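Undergrad: Dropping the sequence and predicted coords here.
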Amino acid sequence: TVIVSNGFVNTEPLRELTELIDAFNIDLKSFNNDFYKKITGAEIKPVLEALKQITRSGRHLEITTLIIPGQNDSEDEMKKLSNWIAGELGKNVPLHISRYFPRFKRNDPATPEETIKKLYSKAAGVLDYVYLGNTALDIGQNTNCNKCGNLVIRRSGYSTMITGLDNEG
């Protein structure tokens with residue numbers, strides 16, 4: 001079972017959940033407390049603590065950051081976010097950088113693909129598994145072995161093909 005969440009959860013309920021859940025995808029909306037206060041009305045610290053708790057539980061964890069132009073799209077912030085993930089959670093925690101499109105009550109412009117490419121470059125320089133979402137760019141889609149570099153999984157849109165795995169992995 002998988003939980004997709006914003007990561008706002010108290011310690012004890014999360015401990016109980018980690019006994020039942022196989023994997024988590026948590027939205028780390030920014031690496032800036034002012035952004036969290038402005039956009040969510042809350043603080044970033046509980047989300048960071050939840051991410052650390054999930055990591056300690058041994059459950060699979062992936063993180064998603066939706067990039068909103070002018071809000072959380074600086075290369076410096078992505079570098080800080082990636083360094084924090086690597087240092088606190090591990091370089092092997094997958095990070096999904098998603099392109100924003102205006103919906104519902106927000107009317108910010110769509111995230112330029114050039115911005116997504118720059119942020120991908122910053123994160124991929126620190127983390128082993130960085131993926132791009134909501135884009136058809138030819139980078140940030142596939143999974144390569146972080147040891148030998150072989151292509152392991154090829155993705156195109158919703159099509160996924162295992163290419164480099166055998167029975168021994």
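TA: Thanks, I have it.

Undergrad: Give the buried residues for the helix or strand harbouring residue 15.
TA: In this assignment (DSSP states H and E), residue 15 forms part of helix 11-18. For helix 11-18, the neighbour count (16 or more other C-beta atoms under 10 Å) marks 14, 17-18 as buried. (Each C-beta comes from the backbone N, C-alpha and C, glycine too.)

Undergrad: Correct me if wrong: residue 83 contacts residue 126.
TA: Yes. At 5.9 Å, residue 83 counts as touching residue 126 under the criterion of C-beta atoms under 8 Å.

Undergrad: ok so, going back, go through the buried residues of helix 11-18 and name the one nearest residue 147.
TA: residue 18 (28.0 Å; C-beta to C-beta).

Undergrad: The nearest residue to that closest one once chain neighbours are set aside: neighbour count?
TA: What sits nearest to residue 18 in space, not counting adjacent residues and going by C-beta to C-beta, 6 or more residues apart in numbering, is residue 57, at 3.8 Å. By the measure other C-beta atoms under 10 Å, the count of residues near residue 57 is 16.

Undergrad: hey, C-alpha coordinates of the helix or strand containing residue 61 in CSV?
TA: Using DSSP H and E, residue 61 sits within strand 60-67. Output of strand 60-67 as CSV, limited to C-alpha atoms (Å, rounded to 0.1, in the frame of the first residue of the first chain):
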residue,chain,number,x,y,z
HIS,A,60,10.1,3.2,0.8
LEU,A,61,10.0,7.0,0.5
GLU,A,62,9.8,9.3,-2.6
ILE,A,63,9.4,13.0,-2.5
THR,A,64,7.6,15.3,-4.9
THR,A,65,8.1,19.0,-5.3
LEU,A,66,5.7,21.0,-7.6
ILE,A,67,7.6,24.0,-9.0
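
Undergrad: what about that strand, average pLDDT?
TA: Mean per-residue pLDDT for strand 60-67: 98.

Undergrad: Remind me what that strand packs against, helices and strands.
TA: strand 23-27, helix 45-57, strand 95-99, helix 113-124 (3 or more C-beta pairs under 8 Å, 6 or more residues apart in numbering; DSSP states H and E).
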